[in-house]
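K.L.:
Sequence first, then the predicted structure, then my questions.
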Amino acid sequence: MKILVINCGSSSIKFKFFEMPEEKVVSYGIVEKIGEEISIFKYSGKVNIENKLKVKNHQEGLKLIASTLLENEIKDIEEIRGIGHRVVHGGEGFVSSVRIDDEVIKKIEEHLYLAPLHNPHNLAGIKGCMEIFPKSIQVASFDTAFHTTMPELSFLYAIPYDFYQKYKIRRYGFHGTSHRYVARRTSEIMGKGKYEINVITCHLGNGCSITAVKNGKSYDTSMGLTPLEGLIMGTRSGDIDPGVILYLIEGLNLKPSEVSDILNKKSGLLGVSGVSNDFRNLLPLYNKDERVTLSIDMFCYRLKKYIGSYMAVLGNVDAITFTGGIGENVPLVREKSLSNMEMFGIKIDIEKNKKIIGKEGEISSEDSKVKVFVIPTNEELRIAFDTYQIVLNSTS
């Protein structure tokens, strides 16, 4: 069965085309810089394409993807049985991936204010695909779904309870598809059932989050009502005293929109280093530039604090797993965030750690009580599998 996975960002569309259930990747690619004077289209499949052209909006980008698939991989658009869409925020109502209908679209629209940088573009992708692929079953896979198992003591904020009851202000968590994938893969590697493992999963990219997985289910996670809470990220501040926000607004007379821009786009690694939000640019300057060094040390320190707190929450921890662009490719972060943790049963093998870059592997020493893994995430495969299952159930 042919399944297409779509991930629409603010100015990009990532896609991956699968043959399921074989889990075979037929082709993949990205449309970048949508809406700019020059857009970029990259495609890898039977042919490799890299073109510069003008793509005005997401609808044009989706049509470009569809026409390229027709030219190279399929004879008829109806061969694509299902299309899986990444949707960042699903609120409390979606505990798993679902077939998209008018009611689902309505509920996604209701949560636009909770993820204004993501959900509108995810929705544009859904509506575009419904027009371009009218016979395909559309499926929404929510970043928040995996975290709907969190108990109240994890997801509630210590503000008047009415704000939760009336406005659903709470911690939702994100990167759920990634945390779910690597947690399941960790259980497979350790020979455990998926609901028999306690693991701390660290998704570290430009956006970063960490999750305490208890008996295979999300028990606590670092991101909150929005993706701004938690770890230090590329351009996001992560945890911050709410009083700082009040001071920026009341003391410095900044507008709420300006404060949002500072905390979401000008903080994190970029804000501290003053150089970049990208580890590839920062690492060559580590121990050479004072502020760059500080930004990386702060990043690792915050991560270590969360790992320690989640170990206390879980009690017995089987493993810690790193994923995402930083988690998979930066041994320094893994080493610094787990250094001097022997009292918690964590010991990494320094040489193993240095060699595991961009691939799956164990980096803990043989006598480490807690196993430590690097597992490249595969959110698209998880979405493809969910979409495949929903298509099967819809047609059986």
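P.N.:
Received, thanks. Bear in mind that the values here come from a model prediction, so they are computed numbers and not experimental data.

K.L.:
Flag the shaky bits of the chain, pLDDT-wise.
P.N.:
Within the chain, the stretches falling below the threshold (pLDDT under 70) are 396.

K.L.:
Nearest the middle, which residue of it would you pick?
P.N.:
Using C-alpha atoms, centre = their mean, the residue of the chain that lies closest to the mean C-alpha position is His175, 3.3 Å off.

K.L.:
Which positions within the lengthiest helix in the chain qualify as buried?
P.N.:
When the chain is scanned for its longest helix (criterion: DSSP state H), the result is helix 290-314. Along helix 290-314, these residues count as buried under the neighbour rule (16 or more other C-beta atoms under 10 Å): 292-293, 295-296, 298-300, 302-304, 306-307, 310-311, 313-314. Quick note: C-beta positions are derived from backbone N, CA and C, even for glycine.

K.L.:
Which members of these are the farthest-apart pair?
P.N.:
Taking every pair in those and measuring C-beta to C-beta, the maximum separation is 33.3 Å, between Val292 and Leu314.

K.L.:
Give me the packing partners of the longest helix of the chain, helices and strands only.
P.N.:
Applying 3 or more C-beta pairs under 8 Å, 6 or more residues apart in numbering; DSSP states H and E, one finds that helix 290-314 makes contact with strand 199-204, strand 208-214, strand 217-221, helix 268-273, helix 279-282, helix 331-338.

K.L.:
let's go with 10 Å and repeat that
P.N.:
With contacts defined as 3 or more C-beta pairs under 10 Å, 6 or more residues apart in numbering; DSSP states H and E, the secondary structure elements packing on helix 290-314 are strand 199-204, strand 208-214, strand 217-221, helix 268-273, helix 279-282, strand 319-323, helix 324-329, helix 331-338.

K.L.:
Can you name the next helix or strand after the strand or helix carrying Val5?
P.N.:
Assessed by DSSP states H and E, Val5 sits inside strand 2-8. Proceeding N to C from strand 2-8, the next assigned helix or strand is strand 13-19, under DSSP H and E.

K.L.:
and the angle for that next one with strand 2-8?
P.N.:
An angle of 170 degrees separates the directions of strand 13-19 and strand 2-8 when computed by axes from the mean of the first three to the mean of the last three C-alpha atoms, to 10 degrees.

K.L.:
in strand 13-19, what's buried?
P.N.:
13-18.

K.L.:
repeat for stretch 109-125
P.N.:
When neighbours are counted by 16+ other C-beta under 10 Å, the buried residues of stretch 109-125 are found to be 111, 114-115, 118-119, 121-125.

K.L.:
Likewise for stretch 70-82?
P.N.:
For stretch 70-82, the buried set under the neighbour-count rule, 16+ other C-beta under 10 Å, comprises 73-74, 80-82.

K.L.:
Those residues: which two are farthest apart?
P.N.:
Glu73 and Gly82 (15.3 Å).

K.L.:
per-domain residue ranges of the protein.
P.N.:
2-142, 191-374 (automatic domain parsing).

K.L.:
Val98: which of the buried residues of stretch 70-82 is nearest?
P.N.:
The closest of the buried residues of stretch 70-82 to Val98 turns out to be Gly82 (C-beta to C-beta; 12.4 Å).

K.L.:
for that closest one, what are its contacts?
P.N.:
For Gly82, the contacting residues are 1-5, 18, 20, 99, 133, 136-139, 384, 386-392, 394-395, by C-beta atoms under 10 Å, 6 or more residues apart in numbering.
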